[in-house]
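Student: Give me a 3D structure for the following:
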Amino acid sequence: QVRLVESGGGLVQTGGSLRLSCAASGSIFVINAMGWYRQAPGKSRELVAKITRAGSTNYADSVKGRFTISRDNAKNTVYLQMNSLKPEDTGVYYCNAGVFRIGGAIFEDYWGQGTQVTVSS
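Tutor: From the prediction side, this is the model:
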């Protein structure tokens, strides 16, 4: 089994910063892309940022220039540095990873439990 555990969420004022972490553990052979999604109240889940194993990144237009995604392949961990936070960044942030398990046959999608980020105005 594979588990993703997020940390680093919280309450911050407009203009502040937070750093999210997501560590994957379990029967992992290799992880392909890792990413962060968020879901605001009453809205559908949306992609925030994604990073390939080689380090290529893509971001939602709304966070470009403010958020930075990175990963440590040796630790199976992905990070999201969030700067200049705005109230519209508020939501539950979910970690996602494409994992090839030991003994598996294909890459499978895994999700973390989510971490709340609240930006006050």
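Student: Phi, psi for the residue nearest the centre of the chain please.
Tutor: What sits nearest the mean C-alpha location of the chain, by CA atoms, centre = their mean, is residue 36, with 2.6 Å. In this entry, residue 36 is assigned phi and psi values of phi -120, psi 130 (degrees, to the nearest 10).
Student: 59 is where my numbering starts, stick with that
Tutor: I'll keep to 59 as the first residue from here, and by that count the last item is residue 94.
Student: Could you check how far it is from residue 75?
Tutor: In this view, residue 94 and residue 75 are 15 Å apart by CB to CB, to the nearest Å. (Glycine included, C-beta is placed from N, CA and C.)
Student: So residue 132 lies in a helix, does it not?
Tutor: Yes. With DSSP: H, G, I helix; E, B strand; the rest coil as the criterion, residue 132 is part of a helix.
Student: got the residue ranges for the strands in this protein?
Tutor: Assigned by DSSP state E, the strands in the chain fall at 60-65, 68-71, 76-84, 86-97, 104-109, 115-117, 125-130, 135-140, 149-159, 165-169, 173-178.
Student: Output those as CSV; include the columns mean pLDDT.
Tutor: Shown next, in CSV, are those (pLDDT from 0 to 100):
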stretch, mean pLDDT
strand 60-65, 96
strand 68-71, 98
strand 76-84, 98
strand 86-97, 97
strand 104-109, 98
strand 115-117, 98
strand 125-130, 98
strand 135-140, 98
strand 149-159, 97
strand 165-169, 96
strand 173-178, 98
